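# just the structure for this:
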Amino acid sequence: MKINGNEIRPGNVITHKNGLWLAVKTQAVKPGKGPAYAQVELKNLIDGTKLNERFRASETVERVRLEQKDHQYLYAEGDMLTFMDTDTYDQIQIPRELLEDRAAFLQDGMKVTVESHEGRAIGVALPDHVTLAVVEADPVVKGQTAASSYKPAMLENGVRVMVPPFVEAGERVVVDTNEITYVKRAE
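Got it, this is the predicted structure:
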C-alpha cells in the first residue's frame, strides 16, 4: 500500500532502500525556506541498524502489512525464545535480541502477538502492561517532599524502574512494557 511521506507514523513498517524499516519516531518539519518534510527515525527490522531520513509530502513509500498471529510464550533456551501458535499448536523459536530489553517481561504462558513478513518472524508485541513484584526499593530520603521525586526499585525480573516514594519492597506494581516505566500499584 503506497502512502505519502508525510503520512508515516511511528509503528509503521515501510520498504526503503531494499529493506524493511520500522518508523520509530516521526517529526513534521516546516523550515522557513523550502517545502515541508517529515523527519523519520527508522530501524531496520532485519539487522537492527538505525537511519534518519527526510520524506517530502510528494514522495511515496510502500507501507508493508505484517501478518499477526497470537502465540503463547513457553520457555527460553539460551538465546532463543520458544512460542506456541494458539491455533495450530506449532512451536517457533525467535532470537531474544528481537525483543531487546522487553524480553525480561516475558512470563510463562503469556499471550503475545508475533508479527511476521513472508513467513519470517520480525517482531513480538507484548501486552502493554505487566504486574511484577518489587524485590528491592531504596528508602525514602527525609525532606524529599517534591511530588515528582521518584526512587529506583528492582523488580522480580531484574529490571530497574523508577517508582514513587510510597512503593516498598514486596509490593506488586504495574509496569509499561514499551516504555519500561512504572504505571501504578497493582490492586
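# who are the contact partners of residue 94?
By CB atoms under 8 Å, 6 or more residues apart in numbering, residue 94 lies in contact with 80-81, 83, 114, 121, 124. Using the backbone N, CA and C atoms, a C-beta is placed for each residue, glycine as well.
# measure stretch 53-68 end to end?
Taking CA to CA, to the nearest Å as the measure, stretch 53-68 stretches 27 Å from start to finish.
# so residue 95 touches residue 79, yeah?
Yes: using CB atoms under 8 Å, residue 95 is in contact with residue 79, at 6.0 Å.
# and the contacts of residue 94, which two are furthest apart?
80 and 114 (13.8 Å; CB to CB).
# neighbour-wise, which of the two wins?
Set residue 80 next to residue 114 and count neighbours by other CB atoms under 10 Å: residue 114 wins out with 20 against 12.
# for residue 98, see how far away the more buried one is.
To residue 98, residue 114 is 10 Å away according to CB to CB, to the nearest Å.
# now swap in residue 185 and tell me
Remark: distance between residue 185 and residue 98 (CB to CB) = 31 Å.
# residue 89 now?
22 Å.
# and what of residue 15?
Distance, residue 15 to residue 98, using CB to CB: 19 Å.
# what's the answer for residue 104, then?
Taking CB to CB, one finds residue 104 at 14 Å from residue 98.
# may I ask which helix or strand encompasses residue 169?
For residue 169, there is no host helix or strand (DSSP states H and E).
# so who does residue 70 touch?
By CB under 8 Å, 6+ apart, the contact list for residue 70 reads 85-87, 111-114.
# err, residue 157, not the other one
Counting by CB under 8 Å, 6+ apart, residue 157 touches 104-105, 132.
# next one: phi and psi at it?
phi -90, psi 10 (degrees, to the nearest 10).
# go on, residue 103?
Per degrees, to the nearest 10, the backbone of residue 103 is at phi -60, psi -30.
# which ones are touching the nearest residue to it once chain neighbours are set aside?
Nearest non-adjacent residue to residue 103, counting by CB to CB, 6 or more residues apart in numbering: residue 96, 5.0 Å away. With contact taken as CB under 8 Å, 6+ apart, residue 96 is in contact with 76, 79-81, 103.
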